[in-house]
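Peer 1: I'd like to go over a predicted model; first the sequence, then the structure.
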Amino acid sequence: MATKMYAGKPVEVNDEGFFLDKEAWTKDMAPEIAKEVGIDALGDKHYDVIEYIRKRVAAGEQLSMRGMGKSGVVDLKEFYQLFPGKPLKYATRISGVPKPTSCV
């Protein structure tokens with residue numbers, strides 16, 4: 001475990017940078033986390049995905065690539081374009097939620 005500073009606030013994260021407490025996250029932290037994973041700027045569609053992820057996690061649902069593609073928020077192609085490389089891993093990390101079990 002480590003402590004990182006985002007938007008001027010200390011946050012406990014695991015060794016991969018995922019928040020240990022999703023309640024510690026604020027929207028102001030998202031751009032800083034995005035830069036750590038190589039995304040320079042977040043647009044409205046990024047925030048739509050982040051909001052969707054946070055709602056699903058709050059409801060106790062498991063996240064998956066297939067589920068994201070069927071979400072109605074983005075299709076898989078757009079998900080990869082918004083969060084290149086490892087879309088589910090990067091999107092959940094930027095969203096301030098714990099690492100999904102489906103992420104390797």
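Peer 2: Cool, got the structure.

Peer 1: contacts only, for the residue nearest to the spatial centre of the chain.
Peer 2: The residue lying closest to the centre of the chain (Cα atoms, centre = their mean) is T92, at 2.4 Å. Neighbour list for T92: F18, I53, V57, L63, P98, K99, P100, C103 [criterion: Cβ atoms under 8 Å, 6 or more residues apart in numbering]. Where you see a C-beta, it was placed from the backbone N, CA and C, and this is true even at glycine.

Peer 1: any chance of the backbone angles for S64?
Peer 2: phi -150, psi 160 (degrees, to the nearest 10).

Peer 1: and it, how far from R54?
Peer 2: Note on S64: its distance to R54, by Cβ to Cβ, to the nearest Å, is 16 Å.

Peer 1: out of those two, which sits in the busier spot?
Peer 2: R54 (17 against 14; other Cβ atoms under 10 Å).

Peer 1: what about that one, helix or strand, and which?
Peer 2: Applying DSSP states H and E as the criterion places R54 in helix 44-58.
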